[in-house]
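Undergrad: could you look at this predicted model? Sequence included:
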Amino acid sequence: MVDISIIIVNYKVKDYIIPCIDSIYQTINDQISFEIIVVDNHSNDGSVEAIQGLFPKVIQLHNNQNKGFSKGVNQGASQANGEFIFILNPDTIIGEKCVESLIKIIQNDSKIGAIGPRMVSEHGHTQLSY
């Protein structure tokens, strides 16, 4: 078992998913064990090959058609080995200590069943989700 499974659904977003995955490896400290599961919805943009070449430890699940985001997340979750699951959009860049902070918060309060990070735009503005 790992501390956290990070699930990313991919559909033709090579230019986004590579920096996303790189940010995970750059920001999670070595005291957190994690796995990255990418569910590919039949991309043909070279993203599958790029991920394999650059990040061989990433688990890739391949669909022969676009099954959509929610089915992709469920597919990834069914393969996850983490104590926690982090659903991440492929156009996201993880900030320093983001994952560690989320894990610490949820481990310290048994009443929390789900948690998400504050989202910040590239210009430093908080992005609201509704």
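TA: It's in. Numbering: from 1, shown residues only.
Undergrad: next secondary structure after the longest strand along the chain?
TA: For the chain, the strand that runs over the most residues, judged by DSSP state E, is strand 2-10. Next helix or strand after strand 2-10 toward the C-terminus (DSSP states H and E): helix 14-27.
Undergrad: just checking, what packs against that next one?
TA: Contact analysis of helix 14-27 by 3 or more Cβ pairs under 8 Å, 6 or more residues apart in numbering; DSSP states H and E lists strand 2-10, strand 34-40, helix 47-54, helix 98-107 as its packing neighbours. In this view, the C-beta of every residue, glycine as well, is placed from N, C-alpha and C.
Undergrad: repeat that for 6 Å
TA: helix 47-54 (3 or more Cβ pairs under 6 Å, 6 or more residues apart in numbering; DSSP states H and E).
Undergrad: which stretches of the chain have low pLDDT?
TA: For the chain, applying pLDDT under 70 flags no range at all.
Undergrad: what pairs with the longest strand of the chain, and is each one parallel or antiparallel?
TA: strand 34-40 (parallel), strand 82-88 (parallel) (DSSP bridges).
Undergrad: including mean neighbour count and distance to Gly113, could these go into JSON lines?
TA: Formatted as JSON lines, the strands paired with strand 2-10 follow (neighbours: other Cβ atoms under 10 Å; distance: least, Cβ to Cβ, whole Å):
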{"stretch": "strand 34-40", "mean neighbour count": "22", "distance to Gly113": "20"}
{"stretch": "strand 82-88", "mean neighbour count": "18", "distance to Gly113": "11"}
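Undergrad: surely Asn81 is in contact with Ile6?
TA: No: at 11.5 Å, Asn81 does not count as touching Ile6 under the criterion of Cβ atoms under 6 Å.
Undergrad: tell me which of those two has more neighbours.
TA: Of the pair Asn81 and Ile6, Ile6 is the one with more neighbours under other Cβ atoms under 10 Å, namely 25 against 14.
Undergrad: which strands and helices sit next to the helix or strand encompassing Gln75?
TA: Counting by DSSP H and E, the element that carries Gln75 is helix 69-79. Counting contacts by 3+ Cβ pairs under 6 Å, 6+ apart, helix 69-79 is packed against strand 2-10, strand 34-40.
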